[in-house]
Each structure stands twice: as structure tokens, then as C-alpha cells.
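>>> Okay, structure incoming, though there's no sequence with it:
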């Protein structure tokens, strides 16, 4: 059973733009597509937008309703009603309006409170959502469709009990920015449809303001990152974004792909993190305080699966070198995924010369740095083991060998190199040698 808040006649190409949740679409058929596949998509859009159903007139202009369309409507339990030629849509609308008048006074009072909260929020979207959730006894979570980030969130509805699942409904917010509202309601106490329409409008305005501000912050960060890399950054502007941290405390540059960078910038701007995110020459970059790197990664983990992290620097003049450093780490890590950094050794040793990289390989791998067949085989085994994050089965599958063969080869690697791959320091050294080998043209 579906609740009907209002009945509205519409012949526009996409009625979803004109009707809201729990509203009944009345049409003579001009807005209904002719092809079966398009009719199925049409029903899906109406249902996902929360419409109560559709009334279509029995007129010559209406296309034939295909079996696929009706089957999709049945699957979704989306009502499609056929109206006779003499059925007046005005009469239908009046009946719907009359059926809702009994609760009209209470609805108007609740609506007045809703807009009073919106007017008194003074631009604070976080407190607004908390107040709306408390007033309506629901849980509210607003998600950015681009990043998946939770922009605004409230507590669960009062009265929710462990072991009793809340009723969860989701609605799109089609404002200037794409977002999704997820409502949690206490079982048996759904939000009134009349209030729902206005709640979505209030949230749409709040989210637009929030994301407009985030986009402006991202634009400023991009310009400032360009200045940082060119050595022309204004110290006061930097402090605005990085406060309360000072460069003398130490910073990293984190490199990510150009495809991921805008999402990282948007999320950082929305969360107002004390970081600077913007495009670099080859990769997108984030300037992150050294003691905030862990929390920054936690905030970005769902967006950024692969990143290269520079060594710590304390002089903004070193930013360009750190960007090259982070980019090289990212390039060497893309196949393995993960956030790559080097513990106990500055990554910059990999950027100075081929001779230094060769020295690292020779010092760590010893006899496995040779070109003979045995050295090549054992070296490839070690590198595959590291590349697969020490997952035995994945490594064996990549090398197309049995796990027992892999165990034997890794034992020989440790015997010949003196490395103990169970120790963090030896494992780190092996990983540095692997990256040095890759960066100097090894395979």
C-alpha cells in the first residue's frame, strides 16, 4: 500500500523533475515512452523517486503499455491505473486533497516548526540536521553522490533499540549538487509524507550551500598548491589551510592519480581538514602535516586505494622535490595498491642517481642481484611475494607454482640474502630494494 500526498497532472518528458515523493502522476500518455526498454526505465525512475503511482488515460495519444513495463511495475509493486476517457483528473485531485484534510492542521504546525528550525540555523548545517532529526524523531544521513562521503548525519531516532532494525528509506536530492538522503525511522512511526517533501527541500538547500562552499575551498586550494610547487606561496594563505600546524613541525606530500585527486580535494574541503589538496604536474597532491597522516588516510581510505607518500620535509622550498618523490613512490606502487611509504629510509635516495639505487639493490639482495637464471628466479619470487602483500596463495598463483615450491624458494631467498621476512626492518629493506630495482629499469 502506498500513501498518496497529492495528485498532479504532468506531460513533461521526465515527470520526476516535477513531482515528489508520495505524489500521484496523472497523464494522458505523452510523457510515457513507446519502446519496452524505455518504459521499464521510466517505471524505475518514478518508483525510485518515491512517486505513489501513475494514472494513465485511455486515450489515442497514449502508447501501448508493454508487458515488460507492467511486469516491472508488478515487481516493484508500483501501481499503474488506467483511467477511462470520461474520468476527470480534477476530480481525482480533489478526492486526494479531501482525503488528506483531516491531518492538515497538525501538518501545518509541524511544517511551521520545520521551517523555523531552518530559518534559525544561521547556516550551520550540522546543527540544523541534528535539530530536524530530534524534532521529527528520525535519523538523517546525507551522502555526497560523487565521493560517497557522509556530509551530514544525526543520531538514530529516539526509541531505537538494539536488535530492532529501523526502517530505512533513501531519496535523491536533486539540487545544484547530487546527494542522497537516507532516513532511519522507528518501526511503525513513518515520517508523514507531507513533511517529507518539505524536509527534502530544506536539506536540498542546506546541502547546496555546503557543497558550494566546499567547491570554493577546493578552487582556492588548487591555486595555492600551484603556488607551493612554484615557490610563490603566500605564508599567510598557507597558515589559513594548515592551522594549527607549522611547516617546521614536518609535512608529507601525498600523490594520487589525476582521476582520484578531485574527489580527495572535495572530501578534504567538505571535512575542512588541515591539509592542502590540488593538482601537481603529473599527479594530484595533498600537503599533509606529518602527525595528521594517519587520520588523513583514515578519512580518505574509501576514496584513495593507492597513494605515494614522500619523506618528511620542513621547508616549503622542498615541496617540488617531495612531489617528485611521492610521484615515484605512487608509480612503483600502482600495481600492488595501498599507501606506500618507507620506514627508516628516506624515499629521496631513489631519486638521486642510478648508482645509489644499484647500491641499495646490491646491499640488500646480495647474490640475488645477479643476472644468472637462479638469481633471477629467486628475485622474481621475492618481488612477487612483496607485490602481493605477502599473500601466499596470490603469490603462488601469479608465479604458477605450488605453495610448497613457493615456501622452498622463499627459504632459499632468506638463506642467500640473510633477510628474515618476518622482521619489519628486513621486510622494509626488501621493499626498498624492490622499488629501487623497478626505478632503475629492472623487471
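Perfect, thanks for sending it. All figures in this text were calculated on a predicted structure; none of them were measured in a lab.
>>> any chance you could map the helices in the stretch 251-400 of the chain?
For the stretch 251-400 of the chain, helices defined by DSSP state H, counting those that start in this stretch occupy the ranges 261-271, 293-300, 319-333, 349-352, 354-365, 373-387, 392-399.
>>> Need those helices in JSON lines (columns: mean pLDDT, distance to residue 67 and mean neighbour count).
Bear in mind the C-beta positions are built from the backbone N, C-alpha and C, glycine included. Supplementary listing: those in JSON lines, determined by pLDDT from 0 to 100; distance: least, C-beta to C-beta, whole Å; neighbours: other C-beta atoms under 10 Å:
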{"stretch": "helix 261-271", "mean pLDDT": "93", "distance to residue 67": "42", "mean neighbour count": "22"}
{"stretch": "helix 293-300", "mean pLDDT": "90", "distance to residue 67": "48", "mean neighbour count": "17"}
{"stretch": "helix 319-333", "mean pLDDT": "83", "distance to residue 67": "52", "mean neighbour count": "22"}
{"stretch": "helix 349-352", "mean pLDDT": "40", "distance to residue 67": "64", "mean neighbour count": "16"}
{"stretch": "helix 354-365", "mean pLDDT": "76", "distance to residue 67": "67", "mean neighbour count": "17"}
{"stretch": "helix 373-387", "mean pLDDT": "89", "distance to residue 67": "52", "mean neighbour count": "18"}
{"stretch": "helix 392-399", "mean pLDDT": "90", "distance to residue 67": "46", "mean neighbour count": "16"}
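>>> now these as JSON lines including distance to residue 192?
Output for the helices of the stretch 251-400 of the chain, formatted as JSON lines (distance: least, C-beta to C-beta, whole Å):
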{"stretch": "helix 261-271", "distance to residue 192": "30"}
{"stretch": "helix 293-300", "distance to residue 192": "36"}
{"stretch": "helix 319-333", "distance to residue 192": "51"}
{"stretch": "helix 349-352", "distance to residue 192": "62"}
{"stretch": "helix 354-365", "distance to residue 192": "68"}
{"stretch": "helix 373-387", "distance to residue 192": "56"}
{"stretch": "helix 392-399", "distance to residue 192": "53"}
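>>> quick one: secondary structure of residue 64?
With DSSP: H, G, I helix; E, B strand; the rest coil as the basis, residue 64 sits in coil.
>>> Give me the phi and psi for it.
Dihedral pair for residue 64: phi -70, psi 130, per degrees, to the nearest 10.
>>> can you count the residues close to it?
11 (other C-beta atoms under 10 Å).
>>> Quick check: bridge partners of residue 53?
For residue 53, the beta-bridge partners under DSSP bridges are residue 24.
>>> was I right about it contacting residue 27?
No: here residue 53 lies out of contact with residue 27, judged by C-beta atoms under 8 Å, at a distance of 11.5 Å.
>>> Just the strands from the stretch 101-250 of the chain, written as ranges.
For the stretch 101-250 of the chain, the strands defined by DSSP state E, counting those that start in this stretch cover 138-144, 150-153, 167-174, 178-185.
>>> Ok, which of the ones you listed comes nearest residue 90?
strand 167-174 (28.1 Å; C-beta to C-beta).
>>> ok, and what's touching the closest one?
Applying C-beta atoms under 8 Å, 6 or more residues apart in numbering, the external contacts of strand 167-174 come out as 17, 21, 48-50, 142, 178-187, 190, 196, 200, 203-204, 207.
>>> Repeat that for stretch 290-304.
147-149, 245, 249-252, 254, 256, 260, 263-264, 267-268, 271, 273-275, 286, 288, 307, 309, 312, 339.
>>> try 10 Å
Stretch 290-304 is contacted by residues 146-149, 242, 245, 249-252, 254, 256-257, 260-261, 263-264, 266-268, 270-271, 273-275, 277, 284, 286, 288-289, 307, 309, 311-314, 339, 341 when judged by C-beta atoms under 10 Å, 6 or more residues apart in numbering.
>>> Kindly compare burial across the strands of the stretch 101-250 of the chain and name the winner.
Most buried of those, by mean neighbour count (mean count of other C-beta atoms under 10 Å): strand 138-144, with a mean of 21.
>>> Narrow the contacts of stretch 290-304 to those that are buried.
Burial by neighbour count, 16 or more other C-beta atoms under 10 Å: within the contacts of stretch 290-304 this picks out 147, 149, 242, 245, 251-252, 254, 256-257, 260-261, 263-264, 266-268, 270-271, 273-275, 277, 284, 286, 288-289, 307, 309, 311-313, 339, 341.
>>> Export the strands of the stretch 101-250 of the chain to a markdown table and append columns for distance to residue 83 and mean pLDDT.
Shown next, in a markdown table, are these (distance: least, C-beta to C-beta, whole Å; pLDDT from 0 to 100):
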| stretch | distance to residue 83 | mean pLDDT |
| --- | --- | --- |
| strand 138-144 | 35 | 91 |
| strand 150-153 | 41 | 90 |
| strand 167-174 | 27 | 87 |
| strand 178-185 | 32 | 90 |
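>>> contacting residues around the residue nearest to residue 278 when sequence neighbours are not counted?
Excluding the flanking residues, the one nearest residue 278 by C-beta to C-beta, 6 or more residues apart in numbering is residue 225, at 2.7 Å. Residues near residue 225 by C-beta under 10 Å, 6+ apart: 233, 241, 253, 265, 276-280, 284-287, 319, 323.
>>> quick one: residue 225 and residue 357, what's the gap?
29 Å (C-beta to C-beta, to the nearest Å).
>>> same thing with residue 200?
From residue 200 to residue 357 the distance is 58 Å (C-beta to C-beta).
>>> for the strands of the stretch 101-250 of the chain, which one sits closest to residue 96?
Residue 96 sits nearest to strand 167-174 of all those, at 20.7 Å, using C-beta to C-beta.
>>> by how many degrees do the closest one and strand 178-185 diverge?
With axes from the mean of the first three to the mean of the last three C-alpha atoms, to 10 degrees applied, the angle from strand 167-174 to strand 178-185 works out at 160 degrees.
>>> can you offset everything so residue one is 34?
Got it, first residue is 34 now, which makes that one strand 200-207.
>>> next one: strand 200-207 to chain centre, how far?
Averaging C-alpha positions (C-alpha atoms, centre = their mean, to the nearest Å) puts strand 200-207 17 Å from its chain's average.
>>> List the buried residues in the longest helix seen in the chain.
When the chain is scanned for its longest helix (criterion: DSSP state H), the result is helix 226-262. Neighbour counts over helix 226-262 (16+ other C-beta under 10 Å) mark 226-240, 243-244, 247, 250-251, 254-255, 257-258, 260-262 as buried.
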